[in-house]
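**Student:** Generate coordinates for the sequence data below:
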Amino acid sequence: MSVNPMAYEAQFFGFTPQTCMLRVYIAFQDYLFEMMLVVETVIMKKVNGLPDCKIRPLQIRKSTEKFLLFMKDHFDKLFSKMEEMLLQLVLNIPNNVLLPEDEVHKQYPYSTEEFQALQEEIRQLQQQYRAEASAGQALQAELEEQKAVQAELEKILQWFGGLENICREHGTSNFKESFAFLTHNSKKLQNMLEDIEEKNKRIKKHDQLL
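**Tutor:** Purely as a prediction, here's the structure:
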């Protein structure tokens, strides 16, 4: 079998010429084996029909195998020559032939250096795209964080607005006065909470004594 990959021929035919020749070889070989089995069967029938025949089936099988090896050896030699001729004269695309799908290479030829430069440019563009995509993701995350902060600030502004309304209802419009007002009320609430807790303790002790 030829070791030449023949990639251009594979592009045209849709299969490699070596694969084609291998299938032809296997088909011929299978036919040869089947033919020898038929010949062996016919010989055995003829021999069995002869009176006082001393030829045994095992001898026929050995003779058939020996003849098969002889035929296969000659077949391999002939097939090797046939394969060489087919690969050179039938399944080969000449070097001066250009397939229709490759006409663009003829119109816009590239040297090896130009092709490598183009590949390097593509690689740089890919790196730039990945960097910009990463930066875009970072900006998107920052934007989401800013939205969350803005929502919290809006809640705080609403709270201050509500606080201002409460302070106005109680006659305090100044922020300093409002803060003092809240501090005073919070102390009152704390004292009330302490009183409630103290009363709860007394009630529990009273219940325990009972």
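**Student:** How far does the longest helix anywhere in the chain sit from its chain's centre?
**Tutor:** In the chain, taking DSSP state H as the definition, the longest helix is helix 112-169. Centroid separation for helix 112-169 versus its chain: 30 Å, with C-alpha atoms, centre = their mean, to the nearest Å.
**Student:** pLDDT on it, on average?
**Tutor:** Mean per-residue pLDDT for helix 112-169: 79.
**Student:** Would you mind splitting the chain into its domains for me?
**Tutor:** Domains of the chain are assigned by the TED database as 7-101, 172-209.
**Student:** tell me the most buried of these?
**Tutor:** domain 7-101 (a mean of 12; mean count of other C-beta atoms under 10 Å). All C-beta atoms are positioned from the backbone trio N, CA, C, and that covers glycine.
**Student:** my guess is Leu68 meets Leu37, correct?
**Tutor:** No - the pair Leu68 / Leu37 is not scored as a contact, 9.4 Å apart, by C-beta atoms under 8 Å.
**Student:** picking up where we left off before, who are the packing partners of the longest helix of the chain?
**Tutor:** helix 175-209 (3 or more C-beta pairs under 8 Å, 6 or more residues apart in numbering; DSSP states H and E).
**Student:** gap between Leu32 and Phe75?
**Tutor:** Leu32 sits 6 Å away from Phe75, going by C-beta to C-beta, to the nearest Å.
**Student:** typo on my end, it should be Glu113
**Tutor:** Plainly put, Glu113 is 50 Å away from Phe75 if you go by C-beta to C-beta.
**Student:** Now distance to Ala138 too, for the domains of the chain, in JSON lines please.
**Tutor:** Below are the domains of the chain laid out as JSON lines (distance: least, C-beta to C-beta, whole Å):
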{"stretch": "domain 7-101", "distance to Ala138": "43"}
{"stretch": "domain 172-209", "distance to Ala138": "39"}
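**Student:** least reliable of these going by mean pLDDT?
**Tutor:** Comparing mean pLDDT over the domains of the chain, the weakest stretch is domain 172-209, at a mean of 64.
**Student:** what residues are up against the residue nearest to Cys20 when sequence neighbours are not counted?
**Tutor:** Nearest residue to Cys20 in three dimensions, chain neighbours excluded: Leu91, at 6.6 Å (C-beta to C-beta, 6 or more residues apart in numbering). The neighbours of Leu91, taking C-beta atoms under 8 Å, 6 or more residues apart in numbering as the test, are Met6, Glu9, Phe13, Pro17, Cys20, Met21.
**Student:** Angles on the backbone of the last one, please.
**Tutor:** With angles defined as degrees, to the nearest 10, Met21 sits at phi -70, psi -40.
**Student:** thought it was touching Glu83?
**Tutor:** Yes - with contact defined as C-beta under 8 Å, Met21 counts as touching Glu83 (5.0 Å).
**Student:** circling back: can you tell me which of the contacts of Leu91 is closest to Lys46?
**Tutor:** Met21 (37.3 Å; C-beta to C-beta).
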